[in-house]
Each structure stands twice: as C-alpha cells, then as structure tokens.
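J.: The following comprises the amino acid sequence and a computationally predicted model.
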Amino acid sequence: MTLDNLYATILARKNADPSSSWTAQLLAKGPEKCAEKFGEEAIEAIIEAVRDDKAALTSEAADVLYHLLVMLAARDVPFRDVLEELDKRQSQSGVAEKASR
C-alpha cells in the first residue's frame, strides 16, 4: 500500500542526515514543527476545497497525508495503530462512535 510504503520511508529517514532529505530536515526540527507544518498543509487543502480547484486540492491532499505521517513518526505513533483505530470504528456508526468519545 502506498501509505505504508511512504510511512516506512519516513521512518527510515528519521535518523538520516538532514542535509540529505526534506523529511530528515523536518523531523530534525522536532515534533512541534512537524505538527505546525501539518496544520499549514491542512489549511491549504481547505482553501483549495472551498475554491473547488480539484487539481490543487488533489496536490494539497497528498501534502496533508505526507505531513500527517511525518507528524505521527515524530511522535512515535505507528501508522498501523491509526489503521487499527479506523478498523475499530467501521464496526459502528459514525454517530455512535462520536457519542462514545
């Protein structure tokens, strides 16, 4: 799966020389910077969704997914855990799941 492969690549770059990789540079700046970058990308995706620019939204959505995975890696949250949480939520309605939080 593409996201699994991307997450594996991000993890592999966690201890890489920051001069060799954008991912390594971002991770070297710490979890807070990774979270900030994720937030910036999410806002950019929202803007493109409101503008109804499908090509730009597609590009920004890819950036959001990448930066989400970087943020997870920065905080040592396994991507598999996120997928398992999504699997658990499929067994109940969204209304019931939200009420349980």
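T.: Sure, I can see it.
J.: Low-confidence stretches in the protein?
T.: 1, 94, 97, 101 (pLDDT under 70).
J.: centroid residue for it?
T.: Leu68 (1.4 Å; C-alpha atoms, centre = their mean).
J.: Please tell me I have it right and that residue contacts Phe38.
T.: Yes: using C-beta atoms under 8 Å, Leu68 makes contact with Phe38 at a distance of 5.8 Å. All C-beta atoms are positioned from the backbone trio N, CA, C, and that covers glycine.
J.: Does Ser91 fall in a helix, a strand, or a coil region?
T.: coil (DSSP: H, G, I helix; E, B strand; the rest coil).
J.: For the protein, which segments count as helices?
T.: 2-12, 22-28, 31-51, 54-74, 79-89, 94-99 (DSSP state H).
J.: List the residues that contact Leu27.
T.: Taking C-beta atoms under 8 Å, 6 or more residues apart in numbering, we find Leu27 in contact with 10, 13-14, 34, 70, 73-74.
J.: Any quick PyMOL command for the buried ones out of those?
T.: Buried members of the contacts of Leu27, defined by 16 or more other C-beta atoms under 10 Å, are picked up in PyMOL with:
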select buried, resi 10+13+34+70+73+74
